[in-house]
Every structure is written in C-alpha cells, then in structure tokens.
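J.: sequence and computational prediction follow.
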Amino acid sequence: MYLSAKGVRFADKNVANREDRDELIEKHGRMATPTLVIGDRVFLGFRQNRAEIEAIIEGVDGGDNAR
C-alpha cells in the first residue's frame with residue numbers, strides 16, 4: 001500500500017509461493033519479509049529502514065522504479 005500510495009511501481013512477490021520464496025532465498029541468502037530491493041540496495045524490513053527508503057523514493061524522478 002505504501003509504495004502504491006507514493007506512485008512507485010513495484011513487483012510484488014508472495015513468499016507463500018514456493019518459486020517466489022526460493023528466489024528470495026537464492027538472491028538474498030535468507031527469507032525476511034518485507035524485503036525491498038531498490039536499485040542495488042536491499043532492505044530487510046520496512047519500519048527500521050523507512051527514512052532511507054523514503055529518501056530514495058523522493059529522489060526518484062519518474063524513471064523506471066519497478067523492482
């Protein structure tokens with residue numbers, strides 16, 4: 001909801017789906033939700049990283065920000 005409200009496009013993965021879960025573990029070495037990938041940055045958890053995530057989102061100038 002937060003990303004949608006900010007107008008940020010994103011790819012939503014569901015860890016209940018085995019393929020999505022395996023992809024998360026393979027790419028990031030563990031399963032933690034939420035995991036946000038913005039460019040080459042990986043954030044495990046939203047609340048504790050909110051200020052940094054918001055700063056990145058606010059810096060996005062309408063380019064392709066789907067992750």
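T.: Received, thanks. Please read these numbers as outputs of a predicted model, since none were measured by experiment.
J.: quick check: residue 30 is in a helix.
T.: No. Per DSSP: H, G, I helix; E, B strand; the rest coil, residue 30 lies outside any helix segment and is coil.
J.: apart from its neighbours in sequence, what residue is nearest residue 14?
T.: Closest residue to residue 14 apart from its sequence neighbours, by C-beta to C-beta, 6 or more residues apart in numbering: residue 20 at 5.3 Å. All C-beta spots, glycine's among them, are computed from the backbone N, C-alpha and C.
J.: the one you found against residue 12, yeah?
T.: No. Here residue 20 lies out of contact with residue 12, judged by C-beta atoms under 8 Å, at a distance of 9.2 Å.
J.: and the residue nearest to residue 14, how many neighbours does it have?
T.: The local packing of residue 20 (other C-beta atoms under 10 Å) involves 15 other residues.
J.: so it versus residue 50, what's the distance?
T.: Per C-beta to C-beta, to the nearest Å, residue 20 is found 23 Å from residue 50.
J.: got it, and residue 18?
T.: Between residue 18 and residue 50 the distance is 30 Å, computed by C-beta to C-beta.
J.: the two: who's more crowded?
T.: residue 50 (12 against 9).
J.: tell me the confidence at the more buried one?
T.: Model confidence at residue 50, expressed as pLDDT, equals 94.
J.: how many neighbours does residue 2 have?
T.: Counted by other C-beta under 10 Å, the residues lying close to residue 2 total 14.
J.: now it: closest residue in space, sequence neighbours ignored.
T.: Excluding the flanking residues, the one nearest residue 2 by C-beta to C-beta, 6+ apart is residue 46, at 7.4 Å.
J.: surely that neighbour touches residue 57?
T.: No. With contact defined as C-beta under 8 Å, residue 46 does not reach residue 57; the gap is 11.7 Å.
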